[in-house]
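1. Any chance you can model this:
(chains A, B, C and D)
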There are 2 protein chains.
Amino acid sequence: MTLTADQQQIIERIGVFFETKGNQPILGRIIGLLMVADDAEATFEDIQKCLFVSKSAVSQALTLLQSQNKVEYITKPGERKRYFRLKIRNWKVDIQDDLRKVFKFNEIIEEIISLRGNKNEEFNSYLKEVSNFMQFMEAELPKLIEKYKKQIE
Amino acid sequence: MTLTADQQQIIERIGVFFETKGNQPILGRIIGLLMVADDAEATFEDIQKCLFVSKSAVSQALTLLQSQNKVEYITKPGERKRYFRLKIRNWKVDIQDDLRKVFKFNEIIEEIISLRGNKNEEFNSYLKEVSNFMQFMEAELPKLIEKYKKQIE
DNA sequence: TTGTTGGTTCATAATTTTATGAACCAAATA
DNA sequence: TATTTGGTTCATAAAATTATGAACCAACAA
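-> Predicted structure coming up:
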């Protein structure tokens, strides 16, 4: 498999995106490769050669991505090689998870509120306001997704 | 300033939360301290002593947090010390930014779509579907925030 | 004018994260 | 049976991140 300069570049950008989300560089690049590859799949060897990394790095990264349900592989008749692909069915779920993660902080905020004294009531009410906003958003999110589902029907 | 065991514990949890969002450990802990502190503020010395870190670490972390608009300081008459606080007015904005960041990936997806060949149309249409979902969510988000604002009036 | 307080700066030490290479293994092939 | 293919495993090297300490500075106090 050979990549164009455009493809190489966008793989790096995808890599950076996933890296800033807290993943190690190679994971994002593999996801990137699987996204830009013409047939949306790549063998172990493809990954190693396209990304210029060691066998062990590829092996470990793939193990991780599979454990995270981000990647799976298929096989082809008469071949021993694995063809790795993105487990794309999970994406919308991933997006929702990312959104929920933002509101996850509300759990901590609620704990803080219950712990705080009354030395700074202004801050306390700010906290409550933020908490309220998060609660609202968290509750509305599923409704929004329902709305989307109806819209595409 | 002395912290209870409860306060110490929650500071660590806040620290971990911010750390997994890609920040260095000390930043999250400082934010945590400013959240649980009774008067919602702390001096340079307070921070150093409560978090058991060096002067330089505190100085560098505070510079960063201030540059990120997360922290500010006030002074008190007759005192040279700075009292650091969370710039709490920015929080709802921060939350919105975090949400937008999730959809930011759509820019990359759109680029990928325009770059992809037609070797795997199934994958192509999956990509379009995900992109569509993100576009929808991104467009609805401001409406949701409007709805919230009206609701609290 | 000397010392103290409240910091800042920067080179580098300590730690953590990430990638490597060598050894290994099972299945298929020669 | 020996060799090749397609990987895995693990100790550690390399790189990146984070924290430290020493030197410094300005403002104020003695």
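
2. what angle separates the helix or strand of chain A with the lowest mean pLDDT from helix B:91-115?
-> The least trusted helix or strand in chain A, going by mean pLDDT, DSSP states H and E, turns out to be helix A:91-115, with a mean of 93. Interaxial angle, helix A:91-115 versus helix B:91-115 (axes from the mean of the first three to the mean of the last three C-alpha atoms, to 10 degrees): 170 degrees.

3. which element follows helix A:91-115 toward the C-terminus?
-> Sequence-wise, the next helix or strand downstream of helix A:91-115 (DSSP states H and E) is helix A:121-152.

4. Is that following helix in proximity to chain B?
-> Yes: residues of helix A:121-152 contacting chain B under C-beta under 8 Å from any C-beta of the partner chain: A:123, A:126-127, A:130, A:132-134, A:136-137, A:140, A:144, A:147-148, A:151-152. Heads up, the C-betas are built off the backbone N, CA and C, glycines and all.

5. Now do the buried residues in that helix.
-> Neighbour-count burial for helix A:121-152, with 16 or more other C-beta atoms under 10 Å in any protein chain shown as criterion, is recorded at A:123-124, A:126-127, A:130-131, A:133-134, A:136-137, A:140-141, A:144-145, A:148.

6. cool, and stretch A:11-25?
-> Within stretch A:11-25, the residues that count as buried by 16+ other C-beta under 10 Å are A:11, A:14-15, A:17-19, A:21, A:23, A:25.

7. follow-up on the earlier one: nearest to chain B among the residues of helix A:121-152 next to chain B?
-> Checking the residues of helix A:121-152 next to chain B against chain B by C-beta to the nearest C-beta gives A:F123 as the nearest, at 3.9 Å.

8. Using the record's assignment, carve chain A into domains.
-> Using automatic domain parsing, the domain parsing of chain A gives A:5-86, A:91-152.

9. re the thing from before, between the least confident helix or strand of chain A and helix A:121-152, how big is the angle?
-> Using the same axes, to 10 degrees: helix A:91-115 against helix A:121-152 is 160 degrees.

10. Please verify my assumption that A:F136 contacts B:Q151.
-> Yes: using C-beta atoms under 8 Å, A:F136 makes contact with B:Q151 at a distance of 7.2 Å.

11. among the domains of chain A, which is nearest B:L115?
-> With C-beta to C-beta as the criterion, B:L115 lies closest to domain A:5-86 of those, at 5.9 Å.

12. can you give me the end-to-end distance of that closest one?
-> By C-alpha to C-alpha, to the nearest Å, the extent of domain A:5-86 from end to end equals 22 Å.

13. Cheers, nothing more for now.
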